[in-house]
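1. Below are the sequence and a predicted model; questions follow.
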Amino acid sequence: MNLQNDLLLKAARGEKTERTPVWLMRQAGRILPEYRAVRSSLSGFIELVKTPELAAEVTIQPVDILGVDAAIIFSDILVIPEAMGLPYEMVEKKGPFFPKTIHTAADVDQLKVANPEDLSYVTEAIKITKKELAGRVPLIGFTGAPWTLMSYMVEGSGSKTFSKARHMLYTQPEVAHKLLQKITDSIIYYVKSQIAAGADLIQIFDSWAGVLPPLQYEEFSLKYIRQICDAIEEVPVTVFAKGAFFALESLGKLNCDTIGLDWNMKVAESRDRIGGAKTLQGNLDPCALYGSFQEIEKATKSMLDEFEGGSHIANLGHGVYPDVDPEKVKCFIQTVKEYSSR
């Protein structure tokens with residue numbers, strides 16, 4: 001199917017575009033009253049993720065309401081651990097929780113490599129979404145990076161330090177590698193099934209990249225992200241490693257098309273270290289959307305100026321916060337479209 005708006009894919013491939021494409025991480029979610037209406041009819045977040053028709057509906061909402069240049073499938077990075085045999089719960093106002101966690105090699109042995117059938121609800125949601133989008137914009141599929149998924153599987157929940165997961169890297173590195181490889185194999189099957197179902201681009205989220213020191217990041221994260229990037233040949237790939245400013249040169253050598261920058265990364269310095277061959281994505285501070293409409297316009301234009309001269313996909317430097325006014329989000333999106341068209 002030919003896309004009516006293929007700006008995102010062109011920019012990801014480094015091609016010239018008439019303006020900068022824009023979308024937001026976490027755009028399908030709590031900022032939209034329409035999302036909350038769908039969610040309130042269910043038992044909670046996980047039921048929504050596992051109901052393909054409704055997951056497709058909330059995936060498309062920001063395309064209709066906010067005017068973004070791409071949809072991203074409504075799901076969660078933690079579907080992979082669950083498919084491997086480690087179920088999670090989503091605790092309201094606290095986040096994910098794993099009743100059982102990984103501590104030993106025997107625990108890792110009990111996990112299986114997830115196969116596409118285990119995650120058919122995601123691929124079904126992608127198929128429905130593609131049909132409903134009818135070629136209006138591309139659809140982004142995604143996965144968590146192996147280290148980020150491992151950190152939850154060992155820690156059992158979110159954490160400021162992920163000290164339990166990092167403890168394993170120092171005391172049981174062979175167990176960590178065994179777990180990371182099993183996660184990586186699961187992810188490769190998963191993203192391949194997303195692409196087969198219709199995903200036009202894959203984004204890898206390494207949300208907890210920034211808690212590792214550089215040498216450990218290379219050994220326990222980049223090594224496995226590299227395997228995933230090398231396995232995907234059909235569509236463009238974006239890697240977003242939050243806080244990994246120390247690894248920009250290494251990220252630039254990955255077999256991917258786009259590198260996401262968080263809001264703490266200087267654009268010019270990042271471009272120098274990553275190299276000119278990659279498209280950059282980002283990187284407005286999500287908190288900038290709490291400002292006035294005039295302040296949002298000013299900050300957005302300033303961000304676009306920083307990226308000028310290289311291939312760019314406009315986004316925030318992390319996910320949009322749930323209490324941001326949707327009208328402020330529209331202001332950001334509209335400013336990108338108008339200012340970059342000049």
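-> In hand now; what should we look at?

2. in this structure, which residue is closest to the centre?
-> Phe205 (4.2 Å; Cα atoms, centre = their mean).

3. what's the host helix or strand of it packed up against?
-> For Phe205, the host element (DSSP states H and E) is strand 201-206. Using 3 or more Cβ pairs under 8 Å, 6 or more residues apart in numbering; DSSP states H and E, the elements in contact with strand 201-206 are helix 7-12, strand 139-144, helix 146-155, helix 173-197, helix 223-231, strand 237-241. Yep, even glycine has a C-beta here, placed from its N, CA and C like the rest.

4. want to throw the ones you listed into TSV with distance to Ala83, mean neighbour count and mean pLDDT?
-> What follows is the helices and strands packed on strand 201-206, written out as TSV (distance: least, Cβ to Cβ, whole Å; neighbours: other Cβ atoms under 10 Å; pLDDT from 0 to 100):
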stretch	distance to Ala83	mean neighbour count	mean pLDDT
helix 7-12	27	24	98
strand 139-144	11	23	98
helix 146-155	11	26	98
helix 173-197	7	20	98
helix 223-231	16	19	98
strand 237-241	21	26	98
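
5. Below-threshold pLDDT in this structure: ranges please.
-> Across the chain, residues meeting the criterion (pLDDT under 70) sit at 1.

6. Which residue ranges of this protein form strands?
-> 71-72, 89-91, 95-97, 139-144, 201-206, 237-241, 258-260, 279-284, 312-316 (DSSP state E).

7. got CSV for those strands, with distance to His103 too?
-> Shown next, in CSV, are these (distance: least, Cβ to Cβ, whole Å):
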stretch, distance to His103
strand 71-72, 33
strand 89-91, 19
strand 95-97, 16
strand 139-144, 20
strand 201-206, 23
strand 237-241, 26
strand 258-260, 32
strand 279-284, 36
strand 312-316, 36
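
8. contact partners of the strand holding Phe205?
-> Contact partners of strand 201-206, identified using Cβ atoms under 8 Å, 6 or more residues apart in numbering, comprise 8-9, 12, 70, 72, 77, 138-145, 147-148, 191, 194-195, 221, 225, 228-229, 232, 235-242, 244, 256, 260.

9. ok, now with 6 Å
-> 77, 140-145, 148, 191, 232, 235-241 (Cβ atoms under 6 Å, 6 or more residues apart in numbering).
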